[in-house]
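Participant: here is my input, please return the structure:
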Amino acid sequence: MSKIEINSNTAPFPKPIVLVGSEVKGRPNFITVAWFNRLNGLPNIWGIALGKNKYTIEGIRENGSFSINIPSTDLIEKTDYCGLHSGREIDKSALFDVFYGKLANTPMIRESPVNAECTVYEYVELPKTLLILGEVKHVYTEERFMTDGVLDPAKIDPIIFTRPGDNYRALGEILGDAWSIGRE
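Facilitator: As a prediction, the model looks like this:
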């Protein structure tokens, strides 16, 4: 079987969807982001990539902080809505029960199973996007999303974005234990 070259922009790359929160001009705002990942262990650095013209960036720069909210599949319509509309024109915070943790000016979504408060660690200018690296300061959840004292992905039920096709999917079945199944 021979390999063929394909367009790198259409290569499948499943990503968790998150809602990034920032307070812009004194008002909570949320944007849907698929370009998200954990990038470092200690310090715990998470990264998001946003188009350079996004309204949310104003609040992140203004406050030096942002939140990562991991929505479950039951929030799919609201999550998609936040990606379709700009906070410049619409108050998207009215969609959610907004709460604040230990960092001032860092709004979070109570309905999301997992919320993290991040302070800006570094901005990285890329050709079309701004990569924002945030150091995770506080993470919040509820007992119902835990199993044996740790977060349970099945209970969180995150939204997964896939390409090509630009689809939302649910988390699939467990195939094996990482860093273990290959030992057989």
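Participant: I160 against P153, yeah?
Facilitator: No. Contact criterion CB atoms under 8 Å: I160 and P153 do not qualify, at 10.6 Å. Using the backbone N, CA and C atoms, a C-beta is placed for each residue, glycine as well.
Participant: any common contacting residues for the two?
Facilitator: L171 (CB atoms under 8 Å, 6 or more residues apart in numbering).
Participant: can you give me the buried ones in stretch 85-93?
Facilitator: G87, K92, S93 (16 or more other CB atoms under 10 Å).
Participant: the last one contacts P28, correct?
Facilitator: Yes. Distance between S93 and P28: 3.8 Å, which falls inside the contact criterion (CB under 8 Å).
Participant: joint contacts of the two?
Facilitator: With CB under 8 Å, 6+ apart as the test, S93 and P28 both reach P107.
Participant: could you look up the SS state of M108?
Facilitator: strand (DSSP: H, G, I helix; E, B strand; the rest coil).
Participant: and the gap between it and T147?
Facilitator: Noted for M108: a distance of 23 Å to T147, by CB to CB, to the nearest Å.
Participant: between those two, point out the one with more neighbours.
Facilitator: M108 (27 against 11; other CB atoms under 10 Å).
Participant: how close does that one sit to W179?
Facilitator: 32 Å.
Participant: report the contact partners of R169.
Facilitator: P14, I159, I160, F161, T162.
Participant: what about the residues you listed, which are in strands?
Facilitator: Using DSSP state E, I159, I160, F161, T162 are the members of the contacts of R169 that sit in strands.
Participant: out of the residues you listed, who's the most crowded?
Facilitator: Of these, with other CB under 10 Å as the count, I159 tops at 24 neighbours.
Participant: chain neighbours aside, what residue packs nearest to that one?
Facilitator: Distance criterion CB to CB, 6 or more residues apart in numbering; nearest residue to I159, sequence neighbours excluded, is I17 at 4.2 Å.
Participant: surely the one you found is in contact with F161?
Facilitator: Yes. Between I17 and F161 there is a contact under CB under 8 Å: 5.2 Å.
Participant: anything in contact with each of those two?
Facilitator: With CB under 8 Å, 6+ apart as the test, I17 and F161 both reach A34, Y168.
Participant: residues near N115, how many?
Facilitator: By other CB under 10 Å, 23 other residues sit near N115.
Participant: I'd assumed W179 was in a strand, is it?
Facilitator: No. Judged by three-state DSSP, W179 forms no part of a strand; its state is coil.
Participant: now the closest residue to L103 other than its chain neighbours: which helix or strand?
Facilitator: Using CB to CB, 6+ apart and skipping residues adjacent in sequence, the residue nearest L103 is E117, 4.4 Å away. Taking DSSP states H and E as the definition, E117 sits inside strand 114-125.
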